[in-house]
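Peer 1: got a structure for you, letters missing:
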């Protein structure tokens with residue numbers, strides 16, 4: 001998905017203003033990640049003000065592009081997993097809804113020695 005495709009979807013879902021605020025702080029990396037250049041917490045996750053609360057920017061991007069709230073699983077909110085393992089990434093193609101158990105079971109692949 002391109003930034004323009006995400007913009008069209010966010011506008012169609014009624015989140016034009018939120019998307020434009022986030023898009024101003026995105027840098028598109030060579031590997032396809034959309035890197036958040038705004039405020040981040042100590043673990044590297046970006047944070048933005050949304051609906052009157054400080055929220056993780058990757059969760060907000062998932063909501064505004066998909067046009068729905070993140071589902072719940074056993075009374076807990078689902079996790080949004082970074083398929084690219086980059087905490088600052090907000091690219092919708094790299095974000096996937098997962099149960100907390102499945103998300104915590106994923107680990108960054110180990111680098112192979114040459």
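Peer 2: That came in fine, so what should we check first? None of these values were measured; they are calculated from a predicted model.
Peer 1: neighbours of the closest residue to residue 48 other than its chain neighbours, just the number please.
Peer 2: For residue 48, ignoring the flanking residues on the chain, the nearest one in space by CB to CB, 6 or more residues apart in numbering is residue 57 at 4.5 Å. Yep, even glycine has a C-beta here, placed from its N, CA and C like the rest. Around residue 57 there are 24 other residues, counting by other CB atoms under 10 Å.
Peer 1: Residue 54 too?
Peer 2: Neighbours of residue 54 (other CB under 10 Å): 11.
Peer 1: Quick check: the gap between the nearest residue to residue 96 once chain neighbours are set aside and residue 30.
Peer 2: Closest residue in space to residue 96, ignoring its immediate chain neighbours: residue 81 at 4.9 Å, by CB to CB, 6+ apart. Counting by CB to CB, to the nearest Å, the gap from residue 81 to residue 30 is 22 Å.
Peer 1: so what's the most centrally placed residue in the chain up against?
Peer 2: For the chain, residue 58 is the residue whose C-alpha lies nearest the centre (CA atoms, centre = their mean; 2.2 Å). Residue 58 is in contact with 36, 45, 46, 80, 82, 87, 89, 90, 95, counting by CB atoms under 8 Å, 6 or more residues apart in numbering.
Peer 1: at 7 Å what do you get?
Peer 2: 45, 46, 80, 82, 89, 90, 95 (CB atoms under 7 Å, 6 or more residues apart in numbering).
Peer 1: Checking my notes, it in a helix, right?
Peer 2: Yes - counting by DSSP: H, G, I helix; E, B strand; the rest coil, residue 58 is part of a helix.
Peer 1: What is the neighbour count of the closest residue to it other than its chain neighbours?
Peer 2: Leaving aside its sequence neighbours, residue 58 sits nearest to residue 90 (CB to CB, 6+ apart; 5.1 Å). When neighbours are defined as other CB under 10 Å, residue 90 has 29 of them.
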